[in-house]
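Enquirer: please find the sequence and the predicted model below.
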Amino acid sequence: MHDGRSHGLSASLYARSSLDKRRMGDRRRGVRTGPDVSLVRDYSKAEELYVLGRDTHARTGNKSGQANAIKGLGDVYHLRGETDNAERCYIDARKLFTESGDQPGLASALHGLGEVYRLEGRFTEAKEPYCTARDIYTQIGERNGLADVTKALGDVYILQGEPSDAETFYINARAIYTQIGDQSGLASTWTGVGDVYGLRKEYNRAEESYAAAQAIYTQIGDDLGLARSLHGLGEIFRARGEYAKAEEAHCSARDTHERIGDWRGFAYACRALGDMYHLNGEDAKCEGSYIAARDAYAQVGDRPGLARTHHSLGDVYRSRRAGPKAAGSYLAAQDVYLELDDRGGLAQVSYHLGHVYRLESKFTEAEKAYITARDTSTQLGDQLNRANAINGLGILYSKWGDYAKSEQAYQISREIYAEIGDKRSLANNLWHTGWLCYSQRRYEDAEIRVSEASGLYEELGTKKDVVDCDKFLELISSKKPKSWKIVLKESFSRLLD
């Protein structure tokens, strides 16, 4: 998994330290932050004090003080993983800071709002508050905040799978961190650039960048930053097939996150280990890692992480043919995707759910799931998942005995596979179409489709599939009625004998 999200490890884990740094920057600028919730873990007490401050300032008409108290509440909710409450507070604080003309406070509230959107996977929405905060920081000459929000924009772009834009922001942030002597921030940009190179599959350069980050983090004693760079190295080792090194890096990161009580990072490390074990077919280790990740994501309120981990667990159970467990995990993921309005996730999990129901001969449920996947993918313009869902319907209808619907579905999905150039899926479609024709005793059509599939498998170099096609073609040939010429020839041969 080398998409933006898999290589955006530092990005997906950065929000906590970014919040801590932002609050320290607030204190340097004279913004009243209240109790230091980044250090004091009694969030209930901090919440109580901020509520008291908010109400007191509201009675006295002190909008700036009220805004600071509300922003502080947002920070508490942010740290507790209550992103809905945090978002509400940051929006209210933004309004009050704007009314009172408090530019530093406004920038901080916008910065916090961007962090919340990023944590929730709302990357496009995160850009606007980040960019506005960046403009304010530039205007008031606040270089610490400017560096942090520039780095955060790089994180957003890497999470969206846009490495070129991400690299530009990381390099700009690095220059500012170097000027102000912020070693932790400097190291974070090296980790970010490592993510960029990882996404581009420039693995040696990625490893060098992570090593540079590690050296700085080790020097300043930043365990959290060190763990993040270890995540990056783990992904690089995994991409290069160095699984023992990848496991060591991810386990070291996981143990560090657990030791310092960073459960979001712990969840990510466990999920990365689960992904690796799944690829290696180590089911027991894989399941255990995903369950640990799922529970940690639930604990910190990370809904996107929770949805993806439920989804991954479903994949594990599906590969084991454990249908009820797979369906349970997929349905749990579906609920969270719906809550987040993550239509891409919804389309994928609905397709997988259809597959599980089909194998269990739950035709009505399977049809409903495939149709949801098809319609959602159509809305998103995701041609591959749309074709997969329609092809799934074709297999389902064939098993159901509705051959007309099955053939129609196969034809539509086949046209899409041909259009997008997915030869593997096209070959599989032709194979299934061959079986459909064979089931209807349309042996000539079956022979044509399976021969086409064999040709594609030959191109792809999948010898086992070619052998399977040869066996199928032999079966078809044995069922085909002999032509009148062959029958006549055989008859004359017998007479001549």
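Expert: Here it is on my side, so go on.
Enquirer: so where's this protein shaky on pLDDT?
Expert: Under the criterion pLDDT under 70, the flagged ranges of the chain are 1-43, 481-497.
Enquirer: could I get the full set of strands for it?
Expert: Taking DSSP state E as the criterion, the chain carries no strands.
Enquirer: send me stretch 379-388 as CSV with only the CA atoms.
Expert: Presented in CSV, the C-alpha positions along stretch 379-388 are these (Å, rounded to 0.1, in the frame of the first residue of the first chain):
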residue,chain,number,x,y,z
GLN,A,379,-21.1,9.0,-8.7
LEU,A,380,-17.4,9.2,-7.8
GLY,A,381,-16.3,8.4,-11.3
ASP,A,382,-14.4,5.4,-10.1
GLN,A,383,-14.5,3.2,-13.2
LEU,A,384,-12.5,0.3,-11.8
ASN,A,385,-14.7,-0.2,-8.7
ARG,A,386,-17.8,0.3,-10.8
ALA,A,387,-16.7,-2.4,-13.2
ASN,A,388,-15.9,-4.7,-10.3
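Enquirer: now tell me what touches it from outside.
Expert: When contacts are taken as Cβ atoms under 8 Å, 6 or more residues apart in numbering, the neighbours of stretch 379-388 outside the stretch itself are 343-344, 347-348, 351, 373-374, 377-378, 412-413, 416-417, 419-420, 422, 425. C-betas here are computed from N, CA, C, even on glycine.
Enquirer: any idea how far stretch 181-190 is from the chain center?
Expert: Between the mean C-alpha point of stretch 181-190 and the mean C-alpha point of its chain there is a distance of 26 Å (Cα atoms, centre = their mean, to the nearest Å).
Enquirer: contacts for that stretch, please.
Expert: Contact partners of stretch 181-190, identified using Cβ under 8 Å, 6+ apart, comprise 10, 14, 17, 21, 144, 147-148, 151, 154, 170-171, 173-174, 177-178, 209-210, 212-213, 216-217, 219-220, 222, 225, 228-229.
Enquirer: buried among those? Make that a ChimeraX selection.
Expert: Applying 16 or more other Cβ atoms under 10 Å to the contacts of stretch 181-190 leaves a buried subset, and the ChimeraX line that selects it is:
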select :10,14,17,21,144,147,148,151,154,170,173,174,177,209,210,212,213,216,217,222,225,228,229
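Enquirer: take the contacts of stretch 181-190 and keep only those in helices.
Expert: 10, 17, 21, 144, 147-148, 151, 154, 170-171, 173-174, 177-178, 209-210, 212-213, 216-217, 219-220, 225, 228-229 (DSSP state H).
Enquirer: show me where the stretch 351-497 of the chain has helices.
Expert: Taking DSSP state H, counting those that start in this stretch as the criterion, the stretch 351-497 of the chain carries its helices at 363-380, 383-400, 403-420, 423-439, 443-460, 463-479, 484-496.
Enquirer: contacting residues for residue 323?
Expert: Contacts for residue 323 (Cβ under 8 Å, 6+ apart) come out as 317, 356, 359-360.
Enquirer: could you rerun that using 10 Å?
Expert: Residue 323 makes contacts with 317, 355-360, 362, as judged by Cβ atoms under 10 Å, 6 or more residues apart in numbering.
Enquirer: what's the answer for residue 315, then?
Expert: With Cβ under 10 Å, 6+ apart as the criterion, the residues that contact residue 315 are 274-275, 278, 286, 290, 326, 329-330, 333, 349, 352.
Enquirer: ok, residue 202 next?
Expert: Neighbour list for residue 202: 163, 194, 196, 208-209, 236 [criterion: Cβ under 10 Å, 6+ apart].
Enquirer: from the residues you listed, which is closest to residue 462?
Expert: residue 236 (28.6 Å; Cβ to Cβ).
Enquirer: any idea how far the closest one is from residue 223?
Expert: According to Cβ to Cβ, to the nearest Å, residue 236 stands 21 Å off from residue 223.
Enquirer: circling back: adding distance to residue 124, write the contacts of residue 202 out as JSON lines.
Expert: JSON lines is the format used below for these (distance: Cβ to Cβ, whole Å):
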{"residue": "163", "distance to residue 124": "17"}
{"residue": "194", "distance to residue 124": "24"}
{"residue": "196", "distance to residue 124": "20"}
{"residue": "208", "distance to residue 124": "32"}
{"residue": "209", "distance to residue 124": "27"}
{"residue": "236", "distance to residue 124": "28"}
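Enquirer: would you write a PyMOL line that selects the buried entries of those?
Expert: Burial among the contacts of residue 202 is assessed by 16+ other Cβ under 10 Å; the matching PyMOL selection reads:
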select buried, resi 163+194+196+209+236
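Enquirer: identify the farthest-apart pair in the contacts of residue 202.
Expert: Applying Cβ to Cβ across the contacts of residue 202, the maximum distance is between 163 and 208, 16.1 Å.
Enquirer: so residue 410 touches residue 390, yeah?
Expert: Yes - counting by Cβ atoms under 10 Å, residue 410 sits close enough to residue 390 to count as a contact (8.3 Å).
Enquirer: any shared contact partners between these two?
Expert: Listed contacts common to residue 410 and residue 390 are residue 429; contacts here mean Cβ under 10 Å, 6+ apart.
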